[in-house]
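Participant: structure of the sequence below:
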Amino acid sequence: MFEPFTKLTSGTVVLSQANIDTDQIIPARYLTTTSREGLGTHAFHDWRYDEAGAPAEDSPLDGPEHAGHAILVAGPNFGCGSSREHAPWALADFGFRAVVSSDIADIFKSNALKNGLLPVEIDAETHAKLLGRPGREVTIDLEAGVLRSGNDIEAHFTVEPFAKKCLLEGNDPLGFLTDRMDAITAYESEHAKEIGA
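Facilitator: Residues are numbered from 1 along each chain as shown. Coordinates of the predicted model:
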């Protein structure tokens, strides 16, 4: 489904605002599609473009200094608001593989994990250090559950075990099941014999 997530090293893009909701991540007017492709163009659209559709000069997301950065460091309570699977789709299509914050909304976190985007919740002190240093290189080791940067940052995080397994395999829950259809079919066939069906 997507590239397996094992270890990621990247510069960071910082959005320090608290309570960034899913409508800010992907405005409702762009929810008419059922395809993930192209949604990155509209990620944080109202922050990246002016009313005429021209790129905003002060956008914290665009510009050569952010090129290729795959880790978003966001303020607390990131992804709050309505359940919107398009939000992680837009972030992933924009080029992010991970979102780091001291607090990530539960529904957003669940949607992100199912779509190959790793939500990383860390302690407030480490979070403050990352917010204060946009562009800082960070390494996220999913298997070990550790985020590191330089000599002064090492923060541990947890991911629900099944979601972690899927991310490490580059799979989603549906893909996990379809990959095991032969075993499921064999089990059902054997079980049907046992009960005389």
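
Participant: tell me the mean pLDDT over the helix or strand harbouring Leu72?
Facilitator: According to DSSP states H and E, Leu72 maps onto strand 71-74. When pLDDT is averaged along strand 71-74, the result is 98.

Participant: other residues contacting that strand?
Facilitator: 8, 10-17, 20, 91, 96-101, 104, 127, 130-131, 134, 138, 140 (Cβ atoms under 8 Å, 6 or more residues apart in numbering). The C-beta positions use only the backbone N, C-alpha and C, and glycine is treated the same way.

Participant: show me how far it is from its chain's centre.
Facilitator: Put simply, strand 71-74 sits 9 Å off its chain's centre (Cα atoms, centre = their mean, to the nearest Å).

Participant: so what's the most centrally placed residue in the chain up against?
Facilitator: By Cα atoms, centre = their mean, the chain has its centre lying nearest to Leu117, at 2.7 Å. Listed by Cβ under 8 Å, 6+ apart, the contact set of Leu117 reads Pro88, Leu91, Ala92, Phe96, Arg97, Ala98, Val99.

Participant: going by distance to Gly53, which of those residues wins?
Facilitator: Leu91 (21.0 Å; Cβ to Cβ).

Participant: quick one, phi/psi of the closest one?
Facilitator: phi -60, psi -40 (degrees, to the nearest 10).

Participant: of the contacts of strand 71-74, which belong to strands?
Facilitator: Counting by DSSP state E, the part of these found in strands is Leu8, Ser10, Thr12, Val13, Val14, Leu15, Ala98, Val99, Val100, Ser101, Val138, Ile140.

Participant: and the furthest pair within the residues you listed?
Facilitator: Maximum distance among these (Cβ to Cβ): 18.3 Å, for Leu8 and Leu15.

Participant: quick one: which of these two has more around it?
Facilitator: Ranked by neighbour count (other Cβ atoms under 10 Å), Leu8 and Leu15 place Leu15 first, with 21 against 17.

Participant: any idea how far that one is from Glu154?
Facilitator: 23 Å (Cβ to Cβ, to the nearest Å).

Participant: on that earlier part again, in the sheet, which strands lie alongside the strand holding Leu72, parallel or antiparallel?
Facilitator: strand 12-15 (parallel), strand 98-101 (parallel) (DSSP bridges).

Participant: what mean pLDDT does the last one have?
Facilitator: The pLDDT scores in strand 98-101 average 98.
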